[in-house]
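> fold the following, please.
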Amino acid sequence: MVSSARPEAGAVRGSWWRAVLSRLNSRAARTHFGTVAGVVILSALLWRLGTGVLLDGLRRIDLPTLLAALVIGVVTTVLSAWRWALVARGLRIRLPLGSAVADYYRALFLNAALPGGVLGDVHRAVRHGQSAGDMGRGVRSVVLERVAGQVALTVIGGAVLLTMPSPVLAETRHFAPLVGLAAVGALAVVVALRMNRAPSRRGRALRATLTEAREGLLSRRNWPGVVVSSVLILAGHLAMFVLAARVAGSGASVAALLPLAVLALVAMGLPLNVGGFGPREGVAAWAFGAAGLGASSGVAVAVVYGVLSFVAALPGLVVLVARWYPGLRAGSGTAAAAAPEPAPGRDYPRALPASPVSPVSVPESPAEVRSEKYAPKESARAASSCFPFSAEPSEGRPMTPESV
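Below you'll find the model as predicted:
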């Protein structure tokens with residue numbers, strides 16, 4: 001009895017674990033995993049550190065600070081839209097700068113307002129692909145534009161972390177040579193495999209993608225603008241972080257804040273956030289604490305930075321409403337125009353009245369025969385004045401047997 005009960009208990013536990021794993025591997029769980037992770041990180045930080053310093057930093061945000069955030073946002077957004085237009089031109093897609101700025105502002109607002117932090121870029125890629133008539137190139141232009149920003153953050157951020165005092169300076173110096181050697185070895189292996197393998201469909205697609213990346217980012221007429229815009233955009237984000245630190249009450253120097261800002265910006269790229277909030281606050285708390293500036297101060301600076309970034313993206317809400325409202329009015333106008341209007345002077349009864357069948361009368365004279373032959377019948381008059389059984393062919397309605 002005992003031996004038979006144990007396998008049954010093990011089977012129940014195994015089926016329970018399989019059910020849990022299947023639930024975790026479902027599409028809904030993968031979709032909301034980032035949002036849940038961001039909420040958990042924020043809740044743990046606020047439970048651990050309290051809300052006193054956080055609320056104090058938010059109270060210090062005044063009108064000049066908001067105007068400065070808006071100005072920085074205008075500069076970085078226009079430069080980002082210009083970089084996007086350059087990449088699109090390299091892929092032979094026409095993208096005017098004005099439309100690029102409006103679409104970029106809308107994407108920034110959606111990134112800040114919706115969970116995940118990337119839904120605005122997804123919307124921008126799909127809409128650009130639809131308007132350009134080439135979904136693949138439209139999406140790839142947005143992806144390459146974002147890749148350019150991440151490459152600039154990696155290169156400049158790596159240089160800052162390797163040359164300036166930071167909590168990860170010693171660890172970075174120890175691990176950087178090993179990471180570099182591993183990357184070179186992996187690249188050599190990939191090149192050797194590609195040289196010894198016959199060209200395949202996947203290989204041709206990869207080469208086509210690399211060719212488009214080279215044309216969009218590294219062509220002779222594009223790479224200067226892409227490099228300059230990427231550097232200035234990153235400088236604008238770092239300036240926003242320093243402004244947030246000053247608003248939150250941090251007295252650290254700019255040289256001490258730059259490595260911490262780089263770490264916070266890297267954490268923002270993780271898809272485990274709610275409008276950017278989550279990993280950024282966790283990394284900022286650890287980095288500020290390791291630098292001796294206080295973990296609570298790091299959370300306050302990161303939250304103020306998130307609020308200022310949201311304010312800088314608010315013009316995207318204006319773009320969203322400005323493009324949504326005319327479409328809504330056009331849709332309502334089309335629906336009103338499509339609704340049938342009754343003809344003037346005609347009364348449409350709700351139901352077709354049943355007319356009694358009158359007996360056939362025999363005419364007594366030829367005149368009476370002619371008037372009976374050419375005069376409209378009573379049933380035809382009733383059919384021509386009743387909806388929807390009208391006997392007038394010009395109205396496109398079916399003719400009743402009585403009207404023939």
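> any low-confidence regions in this structure?
1-46, 48-54, 116, 170-183, 185-204, 271-276, 327-404 (pLDDT under 70).
> now do Ala245 against Val122, distance only.
Counting by Cβ to Cβ, to the nearest Å, the separation of Ala245 from Val122 is 31 Å. Just so you know, the C-beta spots here come from the backbone N, C-alpha and C atoms, and that holds for glycine as well.
> so for the two, which sits in the more crowded spot?
Ala245 (28 against 16; other Cβ atoms under 10 Å).
> where's Leu232, which helix or strand?
Taking DSSP states H and E as the criterion, Leu232 maps to helix 223-248.
> who are the packing partners of the helix or strand just after that helix?
Note on helix 223-248: by DSSP H and E, the next helix or strand toward the C-terminus is helix 254-268. In terms of contacts (3 or more Cβ pairs under 8 Å, 6 or more residues apart in numbering; DSSP states H and E), helix 254-268 is packed against helix 135-163, helix 223-248, helix 279-290, helix 295-312.
> buried ones in helix 254-268, by neighbour count?
Going by neighbour count (16 or more other Cβ atoms under 10 Å), the buried part of helix 254-268 is 256-268.
> how many other residues sit next to Val184?
For Val184, using other Cβ under 10 Å, the count is 10.
> what about it, distance to Ala112?
In this view, Val184 and Ala112 are 38 Å apart by Cβ to Cβ.
> before we move on, what about Arg83?
Arg83 is 20 Å from Ala112, by Cβ to Cβ.
> these two: which has the busier surroundings?
Between Arg83 and Ala112, counting by other Cβ under 10 Å, Arg83 is the more crowded of the two (28 against 23).
> that one contacts Leu232, correct?
No. Applying Cβ atoms under 8 Å as the test, Arg83 and Leu232 come out as separate, 9.6 Å apart.
> tally of neighbours for Trp82?
Residues lying near Trp82 (other Cβ under 10 Å) number 20.
> residue contacts, Gly73?
By Cβ atoms under 8 Å, 6 or more residues apart in numbering, the contact set of Gly73 is Leu108, Ser309, Val311, Ala312, Ala313, Pro315.
> now it: which helix or strand?
Using DSSP H and E, Gly73 falls in helix 63-90.
> could you pull out the buried residues of that helix?
For helix 63-90, burial by neighbour count (16+ other Cβ under 10 Å) applies to 65, 68-70, 72-73, 75-90.
> can you check stretch 242-256 too?
Val242, Leu243, Ala244, Ala245, Arg246, Val247, Ala248, Ser250, Ala252, Ala256.
> quick check: the farthest pair among those residues?
By the measure Cβ to Cβ, Val247 and Ala256 form the most distant pair in the buried residues of stretch 242-256, at 16.7 Å.
> what is the helix holding Leu232 packed up against?
By 3+ Cβ pairs under 8 Å, 6+ apart, helix 223-248 packs against helix 52-59, helix 63-90, helix 135-163, helix 254-268, helix 295-312.
> can you put these in TSV and add distance to Leu206?
Formatted as TSV, these follow (distance: least, Cβ to Cβ, whole Å):
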stretch	distance to Leu206
helix 52-59	46
helix 63-90	18
helix 135-163	13
helix 254-268	27
helix 295-312	35
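> of the ones you listed, which is nearest Arg207?
Closest among the helices and strands packed on helix 223-248, using Cβ to Cβ: helix 135-163, at 14.1 Å.
> what angle sits between that closest one and helix 223-248?
Interaxial angle of helix 135-163 relative to helix 223-248 (axes from the mean of the first three to the mean of the last three Cα atoms, to 10 degrees): 60 degrees.
> and helix 135-163 with helix 63-90, angle?
Angle, helix 135-163 to helix 63-90, by the same axes, to 10 degrees: 120 degrees.
> in helix 135-163, which residues are buried?
Neighbour-count burial for helix 135-163 [16+ other Cβ under 10 Å]: 137-146, 148-149, 152-153, 156-157, 160-161.
> run the angle between it and helix 254-268 for me.
Using the same axes, to 10 degrees, the inter-axis angle of helix 135-163 relative to helix 254-268 is 140 degrees.
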